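J.: This is a predicted model, with the sequence first.
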Amino acid sequence: MAMFERQIGEQSGIQLNPTVDRTDGVAGFGDQTAAIVGSFNRGRMDRAFWVDAQTLRARLGAAVSLNKSLLNEAYLHVYEALRNGAQQVLVSRLLRENVTNDFVVIQVDGTAGALQTETGEPILDGAGAAITVGNTAIITTAASIESGFTDELAIAFKLLDGINEGFIVRANFDAYDDVDAWVTPVEGTPTFNPKSLRLTIEILDKTSLQVLYRAVGAVSPDSVDEFNQTRYIGDLASDVFVFSKGNLPDASYQVALEDSTMGVMANGTRLFIRQAVEPFDPVDTAYTSTEMDVAVDALRYTNEDFGYIMGGGTRSVPLLTRLIATAYHTETLMAFDAPSEMTEEEAIAWATSLNVDNLLIACYWTPLKCDEPLNGGKQSWGSSGAQIGLRCNRNARLNSLGFAPKNNPIAGKDWPLPRSGITQLRTPTPNQLSALAKAKINPVILDKFSDGSRYTFRDSLTMARTLISKRKLISVAEMSAHLNQMVVRIVKDYIQKGMTVAIARSRAQIERLCQNAEASGWLVPSRDPQMAGLTFVLELKPNESHPNDWMDVRFYVSFDGVARVAIIEQTIT
């Protein structure tokens, strides 16, 4: 008999309750990752997807020169962000509404054919003669499979990754090693169990032959394993493949396995066939407002956490407007670029025309020509991708309290632009630098320091329309967004709990959060008389008009500033 019960009745005994955990906290909100909307040669069509430094080429395809299209600048921004510190970038791909994505069809027809290796070399028997089989396997594409197939086995799929240049399909039929793979009647020869036919499909990069995706599973939708779990390929590979049964006559399963050019030879050798296909047609890159909405909303409504939004070098005002709105709705910092080839006056006019008043947004202007790291040669492109990568790099440097030095912006001597072969195209005058600062544009140019010169982010201003408020400082925007994100997560954990409990526990965690922020140098004594020299003040109480189910959470904080200007004066006495 057990020593205790989980729910005790009227009897004498012990009820042991589940362990209560009071050690939980906020894990974070992805401030070492970024997100981007852009036009790429590869990528999921149905949702946003993650890319890291190791999967960049496989997920987004090969980099294309800016000389072919300015839309390719987004790839450079992703590359620089990942190279300089971002762990991952969440990519939402711009696509036309009328893109087409055909079926890839694998068929085994009744035409005899000679066995070949994957490279097209004939397979010979011991006498040197070509080996032939009664059925030939082929891989084709089809816009529709509604007309069906006759007499032959056929299975079709669509790939949810739209690869502009196409890909290679590599496929083979073999059998599961089941005890019931072959059915032996009382009289007669054994017959193959259709539920044991297994299909292996690999999607290969056309250039590097790298395996991009792999699917292995049963051809029959009714196939299950020993635990009665499905092993149908359409279920097992549903993350990136969408399978259609096509045509699956029972008599064709054994033929596909034993007498086709993509089955298994008598000696056990598996026969793979491969075929290059181009099922996806991206149409063009003239994106409409609706298509931009779809791509941006994929970021706004994703369940994934990301810490920054990248402008990606876009010059599309409609797209920038949507990204800025997403930054506001998600309390996420965003960085974008004024075109590098613009003059100071043109950059100011362009940025001013966006009419932005938001502390979460920062604009950079990079009048530099640098070595293009992916395609070679010299190019000019924005630096906001590198800026966000460096912010992610800084955010990884946590102190013992779990706080990164976000009170120090990515600007000045310690954060040079990580590029090579740099030539500055324009040198702003002091008056032009002042005008850029008034327009909330951060120039990335050569600057002199005690140990020499370097190309660096010369300022750290947000696009908040203020000359005095701390909202104009990127570091304040970083710390403010960080605390907001953390407080939201703290309070969310206590939604649907008793009002008294929710207020007490939220207050305790938020107070500890602010104390740790103060200890980390984020907060300083306030000059506001109502703050009485404190660094933070909390107000948590039931809402006055809805006291039964609404809780008010207000916190007042005084962030540390940034030394942007120094006034030096010598007096001789």
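T.: Great, that's in hand.
J.: Can you say which helix or strand has residue 59 in it?
T.: helix 56-60 (DSSP states H and E).
J.: okay, the closest residue to residue 69 other than its chain neighbours: pLDDT?
T.: Leaving aside its sequence neighbours, residue 69 sits nearest to residue 285 (Cβ to Cβ, 6 or more residues apart in numbering; 7.2 Å). To be clear about C-beta, it is placed using only N, CA and C from the backbone, and glycine gets the same treatment. pLDDT recorded at residue 285 is 89.
J.: Show me where this structure has its helices.
T.: 56-60, 73-84, 233-236, 250-258, 289-300, 317-330, 344-353, 384-395, 430-438, 474-492, 499-519 (DSSP state H).
J.: wait, what's in contact with the closest residue to residue 134 other than its chain neighbours?
T.: Excluding its sequence neighbours, the residue lying closest to residue 134 (Cβ to Cβ, 6+ apart) is residue 259, at 4.7 Å. Contact analysis of residue 259 by Cβ atoms under 8 Å, 6 or more residues apart in numbering lists 133, 134, 135.
J.: got a winner among those residues for most neighbours?
T.: Neighbour counts for the contacts of residue 259, by other Cβ atoms under 10 Å, peak at residue 135, which reaches 22 neighbours.
J.: Quick check: closest non-adjacent residue to it.
T.: residue 260 (4.1 Å).
J.: Distance-wise, check the one you found relative to residue 106.
T.: With distances taken as Cβ to Cβ, to the nearest Å, residue 260 is found 11 Å from residue 106.
J.: sorry, back to before: which residues does the residue nearest to residue 69 contact?
T.: If you count contacts by Cβ under 8 Å, 6+ apart, residue 285 has them with 39, 69, 71, 94, 96.
J.: rewinding a little: give the other helices and strands that the helix holding residue 59 contacts.
T.: Packed against helix 56-60, as judged by 3 or more Cβ pairs under 8 Å, 6 or more residues apart in numbering; DSSP states H and E, are the following elements: strand 49-51, helix 73-84.
J.: List the residue ranges of the stretch 151-300 of the chain that fall below the pLDDT cut-off.
T.: Applying pLDDT under 70 to the stretch 151-300 of the chain picks out residues 151, 185-187.
J.: Quick one: the strands in it, in order.
T.: Assigned strands in the stretch 151-300 of the chain, in chain order: 153-159, 167-175, 182-183, 191-192, 197-204, 211-218, 241-247, 273-277, 280-281 (criterion: DSSP state E, counting those that start in this stretch).
J.: returning to that earlier point: got the buried residues for the helix holding residue 59?
T.: Under the neighbour-count criterion of 16 or more other Cβ atoms under 10 Å, helix 56-60 has 56, 57, 58, 59, 60 buried.
J.: what's the weakest-modelled helix or strand in this protein?
T.: strand 182-183 (a mean of 74; mean pLDDT, DSSP states H and E).
J.: what bridges to residue 15?
T.: residue 5 (DSSP bridges).
J.: what's near enough to touch it?
T.: Here residue 15 is in contact with 4, 5, 6, 7, 8 (Cβ under 8 Å, 6+ apart).
J.: mind running it again at 10 Å?
T.: Listed by Cβ atoms under 10 Å, 6 or more residues apart in numbering, the contact partners of residue 15 are 4, 5, 6, 7, 8, 9.
J.: Out of the residues you listed, flag the one nearest to residue 466.
T.: Within the contacts of residue 15, distances to residue 466 taken as Cβ to Cβ reach their minimum at residue 6, with 59.1 Å.
J.: Sounds good, over and out.
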